[in-house]
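> can you look at this prediction? I've put the sequence above it.
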Amino acid sequence: MTQPTPIRRVPGHRPLLLDLFCCAGGAGTGYHRAGFDVIGVDIIDRPNYPFTFVRAEALEYLAALIASREIRRFKAVHSSPPCQAGCALTVGTNASQGWGGDHHDLVAPTRMLLERTGLPYVIEQPNGRAEIRKDLSLCGEMFGLGVLRHRNFELGRWTMPQPAHPKHRGYVRGYRHGVYVAAYGAGGGKATVPEMQEAMGITWTDVREELTEAIPPAFSEHIGRALLTAIRPLEVAA
């Protein structure tokens, strides 16, 4: 099992958030702007990740944090698990955790471990790709962005209001002559790397694959501010 990297924090610093399946840090950046210190975990190297980074299989790492009680150093967890089991979950991890070999996504095993942490958590997924509670749905138009990037969020052990979904100003370019860029794939009217960076507010990576997978930091900053408010009474009680 992956051994967690020791994490030492000075009392009085900002609350620590664990960013699982972190990619290049779109979500992590928003949480950092909201007031969290962030540690990201991904199965491959992410040299563009702007905060403390751990290369590890995310669910193995989370299980090790729980077993060692290092998880108590964190105040919340964000996760963006891939949908297909083959994207990240190894056969060894699957068997060791008792999840069987026929899972089509990582959402269920991720949720299982997140519940064991006892912490407030967020599971993020695109529209229609996994079975999560749609406790919160966000769209780029809510934040005046150049992408729509609809995303759903399951909120565990806490809640926040759903903002109004404003009417879209038009279409995504590539589908029709649109006002939003298509921040996925390549060719066929899809956005260039500089266009994706500007549209999503992500400047620290120019890797297309990382940009196409990222959520705009505005999304997680909005969530993070509400999450910070939610955990403060818990910190006082502790």
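Yes, it's here.

> how about low-confidence regions in this structure?
Low-confidence segments of the chain (pLDDT under 70): 1-12, 83-104, 129, 175-177, 187-189, 234-238.

> what is the burial count for the nearest residue to Leu138 once chain neighbours are set aside?
In space, and not counting its chain neighbours, Leu138 is closest to Phe219: 4.8 Å by Cβ to Cβ, 6 or more residues apart in numbering. Glycine gets a C-beta too; all of them are placed from N, C-alpha and C. Residues near Phe219, counting by other Cβ atoms under 10 Å, number 25.

> which SSE is Phe219 in?
helix 217-237 (DSSP states H and E).

> doesn't Tyr31 belong to a helix?
Yes - applying DSSP: H, G, I helix; E, B strand; the rest coil, one finds Tyr31 inside a helix.

> isn't it up against Cys22?
No - with contact defined as Cβ atoms under 8 Å, Tyr31 does not reach Cys22; the gap is 10.4 Å.

> higher neighbour count, these two?
Taking neighbours as other Cβ under 10 Å, Tyr31 and Cys22 compare with Tyr31 leading, 28 against 25.

> hmm, who's touching stretch 178-186?
140, 146-149, 168-175, 189-191, 195-196, 199-200, 208, 211-212 (Cβ atoms under 8 Å, 6 or more residues apart in numbering).

> mind listing what's buried in it?
For stretch 178-186, the neighbour count (16 or more other Cβ atoms under 10 Å) marks 178, 180-184 as buried.

> if we can go back for a sec, how close does the residue nearest to Leu138 sit to Ser79?
14 Å (Cβ to Cβ, to the nearest Å).
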